[in-house]
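>>> sequence plus the predicted model coming up.
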Amino acid sequence: MKILLPVDGSPPALEAVRHALQLAAQGLRASFVLVNVQEPPSLYEVVVVHDAEVIQNLRTGAGTDLLRDAEALLQSAAVDYECEVASGDPAQQLVELIENYQCDAVVMGARGAGKPDATDLGSVASSVLRHSPVPVTIVHLRPQAEAELPEP
């Protein structure tokens, strides 16, 4: 089984990675695809920077940085995984990545760093849930983990 793990650097995303690793520790034979999707550049970025390659390099570096903690969890668990930093609309890109990597399932945080929608889910999680061709497991941050987070 191949499981897509979308990560945006948020605590719920890392909780989803931990949940997937618990499933593997309990006997689920799985490999993982760890992904971060960077939003397309804003008009301001395009006007100020002028160089698409520089913008892409900055976004790839930011995505790689956001994957670092999740990647450390996967390495510690000694599981097979692949990584990708993609660019575009996050929900749309995640559905495309499910198909590109031939994933059998998705495990993702209920609410990440994006804008929330009217449900208990974040807008990306809600959209992936509606459009995914494979089962999606939504992982909520445990109350004890929420209590441990630093206040803004």
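Ah, there it is. Numbering: from 1, shown residues only.
>>> leaving out chain neighbours, which residue sits closest to the residue nearest the centre of the chain?
For the chain, the residue whose C-alpha lies nearest the mean C-alpha position (C-alpha atoms, centre = their mean) is Pro6; its distance is 1.8 Å. Excluding the flanking residues, the one nearest Pro6 by C-beta to C-beta, 6 or more residues apart in numbering is Met108, at 4.8 Å. Yep, even glycine has a C-beta here, placed from its N, CA and C like the rest.
>>> for Leu74, same thing?
In this structure, Leu74 finds its nearest non-sequential neighbour in Tyr81, 4.7 Å apart by C-beta to C-beta, 6+ apart.
>>> and the pLDDT for that neighbour?
Reading off the per-residue confidence, Tyr81 sits at a pLDDT of 97.
>>> ok, it touching Ala24?
No. Tyr81 sits out of contact with Ala24 when judged by C-beta atoms under 8 Å, with a separation of 10.4 Å.
>>> checking Cys83 next. Helix, strand or coil?
Reduced to three states with DSSP: H, G, I helix; E, B strand; the rest coil, the structure at Cys83 is strand.
>>> residues near Gly88, how many?
One way to gauge burial is a neighbour count; for Gly88, by other C-beta atoms under 10 Å, it gives 13.
>>> sec struct for the residue nearest to it when sequence neighbours are not counted, please.
Take Gly88 and drop its neighbours on the chain: the residue closest to it by C-beta to C-beta, 6+ apart is Pro40, 6.0 Å away. Classification of Pro40 using three-state DSSP returns coil.
>>> list the contacts for Pro40?
Taking C-beta atoms under 8 Å, 6 or more residues apart in numbering as the contact definition, Pro40 lies against 87-89.
>>> closest one to His140 out of these, please.
Ranking those by separation from His140, with C-beta to C-beta as the measure, puts Asp89 on top at 23.8 Å.
>>> am I right that Ala125 sits in a strand?
No. Residue state for Ala125 (three-state DSSP) corresponds to helix; a strand is not indicated.
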